[in-house]
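*Asks:* Below are the sequence and a predicted model; questions follow.
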Amino acid sequence: MKMRPVSITVIAWILIVMAGISLLANAAMTGNPKVQEIMEKTPLPIPVQYAMMYAGLAVTIISAVGMLKGGNWARWLYVIWGAIGFAVGMATSPAKAMMIPGLIVFVVVVVFLFRPNANEFFAP
């Protein structure tokens, strides 16, 4: 069995923990009038925004668990969903500058997911 790089373990667990925290925070903010006001400023209907938000959290957890198990599909799922999410955010967000820190983190994670030792781990 191939040894999982520490970077993959750290990334996967950070993704799982952050998705869990986001799930709790998003659930707590559901129905908040200030949040609703911000969400109404985008062209996407609010139910679509909630669906994408919860789907994104599910995809993050599924891909992180898949990465821990060595699934190459998992890192590609994370990268593709992240790119789609960023593209949708850039097209619809009223506060595009607020997306920059998340984009930087995403790029750093992607770099670690495709380093040579990670490629070796995810190879069939």
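*Replies:* Looks like it came in fine. These numbers come from a predicted model, not from an experiment.

*Asks:* Quick check: residue 5 vs residue 70, distance?
*Replies:* Using Cβ to Cβ, to the nearest Å, residue 5 is found at 11 Å from residue 70. Bear in mind the C-beta positions are built from the backbone N, C-alpha and C, glycine included.

*Asks:* what touches both of these two?
*Replies:* Common contact partners of residue 5 and residue 70 (Cβ atoms under 8 Å, 6 or more residues apart in numbering): residue 121.

*Asks:* And these two? Which one has more around it.
*Replies:* The neighbour comparison of residue 5 against residue 70 (other Cβ atoms under 10 Å) goes to residue 5, with 19 against 16.

*Asks:* so the more buried one makes contact with residue 116?
*Replies:* No - counting by Cβ atoms under 8 Å, residue 5 does not reach residue 116; the two are 9.7 Å apart.

*Asks:* what ranges do the strands span in the chain?
*Replies:* Taking DSSP state E, the chain contains no strands at all.

*Asks:* which secondary element of it has the worst mean pLDDT?
*Replies:* Ranking every helix and strand in the chain by mean pLDDT, DSSP states H and E puts helix 33-39 at the bottom, with a mean of 85.

*Asks:* Could you find the closest non-adjacent residue to residue 109?
*Replies:* Closest residue to residue 109 apart from its sequence neighbours, by Cβ to Cβ, 6 or more residues apart in numbering: residue 11 at 5.7 Å.

*Asks:* likewise residue 19?
*Replies:* Nearest one to residue 19, counting by Cβ to Cβ, 6+ apart, is residue 60 at 4.4 Å.

*Asks:* before we move on, what about residue 79?
*Replies:* The shortest distance from residue 79 to any residue other than its chain neighbours is 5.8 Å, reached at residue 110 (Cβ to Cβ, 6+ apart).

*Asks:* Appreciated, that's everything.
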